[in-house]
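**Student:** 3D, please:
(2 chains)
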Amino acid sequence: MEKKKTAKIASGLLLASALTLGACSNSTNGGNASSAPSSETAGESKGAASAVTGPLGKYDPPIEVTTVRAVNQAFKYDEGKSIDNNIWTDIFKDQYGINVKNLWVVDESQYRQKLNISIASGDIPDFMMVNKEELLRLSEEDQLEDLTTLLDQYGSDYLKELLNQDNGTALKAATYEGKLLGIPQMQVNGGVSTAEMIYLRYDWLKNLNLPEPKTIDDVIRIATAFVKDDPDRNGKNDTHGLGLNKDLFQAHGTVKGFFNGFNAYPDIWLKDDAGNLVYGSIQPEMKTALEKLSELYKQGIIDREFTVKDWNKIAEDIAGGRLGLAYGTVSDGGHIHRANKDNNPDAEWKVYPIVSPDGSPVQPQLNDTANNFFVVKKGAQHPEAMIQLANIYLEHYYLTSYAPDPNPFISRDNGIFPGKYHPVLIDPLNVNLDAFRLVQEALAKNDGSQLGFPANVHYDRLTKYAEGDETMWFSTIVFGAEGSYSVIDHYDRNGVGIYNAFQGAATPTMSEKMASLKKYQDETFTKIIMGESPISEFDKFASEWKKLGGDQITEEVNERK
Amino acid sequence: MLKKWRIQAPLHLMLIPGLIAILIFSYIPMAGIVIAFQKFVPVKGIFGSEWVGLQHFRYMIQLPNFTQILWNTTFIASMKIVAGIVVPVSIALLLNEIRKEAYKRTIQTLIYLPYFLSWVILSGILIDILSPSRGVVNQFIVWLGFDSIFFLGSNDWFPYTLVISNEWKEFGFSTIVYLAALAGINPALYEAALVDGASRWKQTLHISLPGMMPIIVLMATLSIGNIMNAGFEQVFNLYGPAVYESGDIIDTFVYRIGLEEAQYGLATAVGLLKSVVSLLLISVSYFLAYRFANYRIF
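**Tutor:** Got it, this is the predicted structure:
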């Protein structure tokens, strides 16, 4: 406690001295020595004089903008540096004439609460990071600046490009009544990288002389053979077919990818032909997919005990060589299948895009690309400064080559990670997908010397694996030419993927009823798969879902879209 | 009178820190109960939040499966309470008969061990040993000539599996309490009974059990307060959609609601309801214990 206090006072002092220093230099720069050199008046006088017309310009005289910050235990600093005074604040000040002042800095666990106090008391900074709920509230209270034209005028090309990597889904989530009120903080490796794929034990497939999965029927044939034809050739009936976990819709062993193959999209909102939003879980396509799963369960192709197994147990089955086929996400191979490879060096794994009944390409469902948004206070003196800061981040972190020196912003061995001191952190959605592509190009040319972070790390690991270092297998299954990112690459090149058509904050009935409805849904689906309920139970579920609040939610969602 | 006060004064003084601690940590936070009647928003605080009366309670009761959840909770909890008395008392009586100290100590330690494992670990172990195809328990059942049982996946078995596994984990701890009660019985009573020619069974029936009665009544009275606590940690780690019907309890359901949306008011309302029911039951059982067993805790 005492320590925190001293730290606060110290940072306060630092800030104060930085401000006075800034003010002094201003008065000399501007040449108007007549006005009193207090930071207040200096700030006022800048307003009219200081303007920048495009991205990455320098303000002269310098301007000051305020914000608020959340930090956590993992924020470490070089000697004498802090969240208020670091490599970024120096760059802002020296190269761009921007003084960023943190009105307050709290641990991230208290950020939302403290932010809400600021919003309630009407004392908000020039720009800040908010979530969907806060964005909605601030927009209803008309407290936010319209950023539509500002982004156009001041956003750098790269910023605009990465904000559109999800086809504008996140930007749409931040748009209210035609006005762009926030810049989405793109989730690193969100969007297309969250699409599901098929993980398959390739040595088993070869043992049984089966073709690779191209259609749902192939998947079912493989799953059946994996149960019945002793794929591991140990003479024992000890393998499962298709891996499912009890939670159904998350982690390894999900059914989302399987459902998507049938054009069924559980737990998200879809646009129907008339342009209205409808809930994916109650659409008739779900019924077909569920029926297929219940057939598989009945024949013992799906582990009869899946209802007690969470993804950890699925991972154990994989590690123990009892499971060779499941739907999963892009990072699963690096830890789940790695354990199997460690146990059994002869095991081979391959990943495939999800499949449809007739072999046509499938639209996988994707997670949201942004949960947080950077907003600007209505009437802020320099509303474009936040966009400038975002430009600066991308320019110095991603676009500048520091070779042969290391990038000064990336995380170092002592846990210091200067990149994240930046107040407007907007990373590209596809960091790892881009890295995958760069690595593949470099491998083709056999030259990884030009690669920056993080591609160089993957390049090193992949070359080590190629040289026979089996411990690097986990990198191949993800970043290798046939790794999981090759599937994501395939999705991205074909432009497939479906986002939740409702990107707004939860509606009143949604926050009240959704938990009950979700319970009803998961219970019904599980019972249908297990054959405890007949498939006709789905129709009852769909109509009950509407009655128990679903209709009202649909109405609210359509009003809000 | 004055002299008595002088002797006791320091003792009363020594109570003060404890009283202050209870006041600060137990009584003052009780004021937070008002949240149950508010649409609580942390920013606005207790005084600024909107009052909604009994809305949270009404919402809770109108939930489509509230009666089922309530039934699951009380059913599982009351079975746990009964098992939590019968099993440790029997084991304590049995252990008490063992004459070899080393043997007795070893058993005591062994049955105490699971008490220290968390449910996260135990659930993983249970899923494996109870598995219908690979688990040891079911292999034994099949060897005996019965069909294997899906303990954790069938709604018929799930609640009982919860009770038994919970008892297996907890009974070592409670057994120690009852063993302590047994140790406190005056040996002269046993000697007198021996002289009168009482068998070991008669001694157990007429000396050991009555001697333990105050502790048994105390433990029973206290545990009845737990009638609404069916054990969140255990259920949460073992259940899934397939056994929502028989295993979803108030705590797990509220947890899932809380995940969707931070509904402080509702969570407090649920907690308050549980506390009120517990208080009522404790009062009633205390009254009954006093009336019929002539036993007073205070």
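
**Student:** Unless I misread the structure, A:N372 falls within a strand.
**Tutor:** Yes: counting by DSSP: H, G, I helix; E, B strand; the rest coil, A:N372 is located in a strand.

**Student:** That one and A:M128 touch, don't they?
**Tutor:** No: shown here, A:N372 and A:M128 do not form a contact pair, counting by CB atoms under 8 Å, at 10.2 Å. All C-beta spots, glycine's among them, are computed from the backbone N, C-alpha and C.

**Student:** is the helix ranked longest in chain B up against chain A anywhere?
**Tutor:** Looking across chain B with DSSP state H, the single longest helix is helix B:66-97. No: judged by CB under 8 Å from any CB of the partner chain, helix B:66-97 and chain A are separated, with a smallest distance of 9.5 Å.

**Student:** hmm, back to that, neighbour-wise, which of A:N372 and A:M128 wins?
**Tutor:** Set A:N372 next to A:M128 and count neighbours by other CB atoms under 10 Å in any protein chain shown: A:M128 wins out with 27 against 20.

**Student:** what's next to stretch A:435-447, contact-wise?
**Tutor:** Applying CB atoms under 8 Å, 6 or more residues apart in numbering or on different chains, the contact partners of stretch A:435-447 are A:448, A:450-451, A:454-455, A:458-459, A:462-463, A:479, A:481, A:483, A:485-486, A:488-489.

**Student:** Likewise for stretch B:123-131?
**Tutor:** With CB under 8 Å, 6+ apart, stretch B:123-131 has contacts from A:305, A:308-309, A:312-313, B:134-138, B:151-152, B:161, B:165, B:234, B:237-238.

**Student:** hmm, which of those residues are the buried ones?
**Tutor:** A:305, A:308-309, A:313, B:135, B:137-138, B:151-152, B:161, B:165, B:234, B:237-238 (16 or more other CB atoms under 10 Å in any protein chain shown).

**Student:** now those in CSV, with distance to B:F116, pLDDT and secondary structure?
**Tutor:** Shown next, in CSV, are the buried ones among the contacts of stretch B:123-131 (distance: CB to CB, whole Å; pLDDT from 0 to 100; DSSP: H, G, I helix; E, B strand; the rest coil):
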residue, distance to B:F116, pLDDT, secondary structure
A:E305, 28, 91, coil
A:V308, 24, 91, helix
A:K309, 26, 92, coil
A:K313, 23, 91, helix
B:G135, 23, 89, coil
B:V137, 22, 92, helix
B:N138, 27, 92, helix
B:F151, 23, 91, coil
B:L152, 23, 91, coil
B:T161, 21, 95, helix
B:S165, 15, 94, helix
B:Q234, 15, 93, helix
B:N237, 16, 90, helix
B:L238, 19, 92, helix
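
**Student:** Can I get the residues you listed in CSV including distance to B:F75?
**Tutor:** What follows is the buried ones among the contacts of stretch B:123-131, written out as CSV (distance: CB to CB, whole Å):
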residue, distance to B:F75
A:E305, 25
A:V308, 20
A:K309, 26
A:K313, 27
B:G135, 25
B:V137, 23
B:N138, 25
B:F151, 17
B:L152, 17
B:T161, 13
B:S165, 16
B:Q234, 15
B:N237, 19
B:L238, 16
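
**Student:** Show me what the worst-scoring helix or strand of chain B on mean pLDDT is packed against.
**Tutor:** In chain B, the helix or strand scored least confidently by mean pLDDT, DSSP states H and E is helix B:250-260, which has a mean of 75. Applying 3 or more CB pairs under 8 Å, 6 or more residues apart in numbering or on different chains; DSSP states H and E, one finds that helix B:250-260 contacts helix A:508-530, helix B:66-97, helix B:232-238, helix B:264-292.

**Student:** Quick check: buried residues in the longest one?
**Tutor:** Using 16+ other CB under 10 Å as the test for burial, helix B:66-97 gives B:69-70, B:72-74, B:76-81, B:83-85, B:87-89, B:91-93, B:95-96.

**Student:** packing partners for the helix or strand just after that helix?
**Tutor:** Proceeding N to C from helix B:66-97, the next assigned helix or strand is helix B:101-112, under DSSP states H and E. Using 3+ CB pairs under 8 Å, 6+ apart as the contact test, the elements touching helix B:101-112 are helix B:66-97, helix B:158-183.

**Student:** which residues are in contact with helix B:101-112?
**Tutor:** B:I91, B:L95, B:I98, B:F171, B:G172, B:F173, B:T175, B:I176, B:L179.

**Student:** Show me which of those residues is closest to A:K378.
**Tutor:** B:F173 (60.6 Å; CB to CB).

**Student:** May I have the secondary structure class of the nearest residue to the closest one once chain neighbours are set aside?
**Tutor:** Ranked by CB to CB, 6 or more residues apart in numbering or on different chains and with sequence neighbours excluded, the top spatial neighbour of B:F173 is B:Y115, at 4.7 Å. Secondary structure, three-state DSSP: B:Y115 is helix.

**Student:** Just put the helices and strands packed on helix B:101-112 in CSV and tack on distance to A:G504.
**Tutor:** What follows is the helices and strands packed on helix B:101-112, written out as CSV (distance: least, CB to CB, whole Å):
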stretch, distance to A:G504
helix B:66-97, 29
helix B:158-183, 38
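
**Student:** Show the average pLDDT along the one helix or strand A:L162 maps to.
**Tutor:** Following DSSP H and E, the helix or strand that holds A:L162 is helix A:157-163. Mean per-residue pLDDT for helix A:157-163: 92.
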